[in-house]
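Trainee: this is the structure alone, sequence omitted:
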């Protein structure tokens, strides 16, 4: 089966850095995705990791360790608009689909 | 990324009626689309995989006779919630996989269904 764990809620300060962790167990691993979802809206794609290491894209970076079943999303220079839910998702090659974690609601305070 | 539209963006209906939600891929032909459901403060739950020209593949626990999926063309998939009940009230989101190497999915804007 598949299992994805991430914290339910996090709070951070504007201008700071926050790291959102995700651990997973899956068969037929086919990459790890991070999506951002604002309340009442559909998710938007942030990043994709299939090999170990860090992928940097502007203020956002994503890290993957396949041996540990672990990923994190790093957000730098936080802005108020970064307040959203961040969904960790795992691709399954055996099923050709993406399974989503429960999401982490990030609140940014001034 | 791919551009996906959904219609309607929100709908309110009476219990017992049926509601059809459309998902369109606007800038490429999608042989596969996905339908998700999301309850408040919960994550996306995959309901079914919609396959153009063939039957949809439903996830365990999803009633195929209640949630009818039709993928008649490469740009359109429809989800019909039959005999809707208040517990079906949810945010329904479709997505497409444009077939890139990363298998990234791109989501439509979602449809908010409220059943009275």
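Mentor: Sure thing, it's come through. Quantities reported herein were computed from a predicted structural model and do not represent experimental measurements.
Trainee: list the contacts of the helix or strand hosting residue B:92.
Mentor: Per DSSP states H and E: residue B:92 is located in strand B:90-96. Here strand B:90-96 makes contact (C-beta atoms under 8 Å, 6 or more residues apart in numbering or on different chains) with A:40, A:42-43, B:2, B:4, B:6, B:21, B:23, B:25, B:28, B:30, B:32-39, B:44, B:50, B:77, B:79, B:81, B:105-108, B:110-113. Any C-beta I mention is one placed from the backbone N, CA and C, and that applies to glycine too.
Trainee: list only buried entries from these.
Mentor: A:42-43, B:2, B:4, B:6, B:21, B:23, B:25, B:30, B:32-38, B:44, B:50, B:77, B:79, B:81, B:105-108, B:110-113 (16 or more other C-beta atoms under 10 Å in any protein chain shown).
Trainee: quick one: residues contacting the residue of chain A found nearest chain B.
Mentor: In chain A, the residue that lies nearest chain B is residue A:42 (4.0 Å; C-beta to the nearest C-beta). For residue A:42, the contacting residues are B:93, B:107-110, by C-beta under 8 Å, 6+ apart.
Trainee: distance check, residue B:33 against chain A.
Mentor: 12 Å (C-beta to the nearest C-beta, to the nearest Å).
Trainee: please look at residue A:75 and residue A:15 and confirm they touch.
Mentor: No. Here residue A:75 lies out of contact with residue A:15, judged by C-beta atoms under 8 Å, at a distance of 11.2 Å.
Trainee: run through the bridge partners of residue B:12.
Mentor: residue B:114 (DSSP bridges).
Trainee: measure it to residue B:89 for me?
Mentor: Going from residue B:12 to residue B:89 by C-beta to C-beta, to the nearest Å gives 9 Å.
Trainee: need the overlap of contacts for those two.
Mentor: Joint contacts of residue B:12 and residue B:89 (C-beta under 8 Å, 6+ apart) are B:114-115.
Trainee: which one's more surrounded, the two?
Mentor: Neighbours around residue B:12 and residue B:89, counted as other C-beta atoms under 10 Å in any protein chain shown, are more numerous at residue B:89. The numbers are 17 against 12.
Trainee: spit out the contact partners of that one.
Mentor: Neighbours of residue B:89 in contact, by C-beta under 8 Å, 6+ apart: B:113-115.
Trainee: gap between it and residue B:70?
Mentor: 22 Å.
Trainee: check whether the least confident helix or strand in chain A by mean pLDDT contacts chain B.
Mentor: Comparing every helix and strand of chain A by mean pLDDT, DSSP states H and E singles out strand A:97-100 as the least confident one, with a mean of 87. Yes. On the criterion C-beta under 8 Å from any C-beta of the partner chain, strand A:97-100 is in touch with chain B at A:97-100.
Trainee: report the two of those separated the most.
Mentor: Largest separation among those by C-beta to C-beta: A:97 and A:100, giving 10.1 Å.
Trainee: overlap of the contact sets of those two?
Mentor: In contact with both residue A:97 and residue A:100: residue B:46, using C-beta under 8 Å, 6+ apart.
Trainee: can you map out the strands along chain B?
Mentor: B:4-7, B:10-13, B:19-25, B:32-38, B:45-51, B:57-58, B:67-73, B:76-81, B:90-96, B:106-107, B:111-115 (DSSP state E).
Trainee: what's the angle between the strand holding residue B:92 and strand B:111-115?
Mentor: Interaxial angle, strand B:90-96 versus strand B:111-115 (axes from the mean of the first three to the mean of the last three C-alpha atoms, to 10 degrees): 150 degrees.
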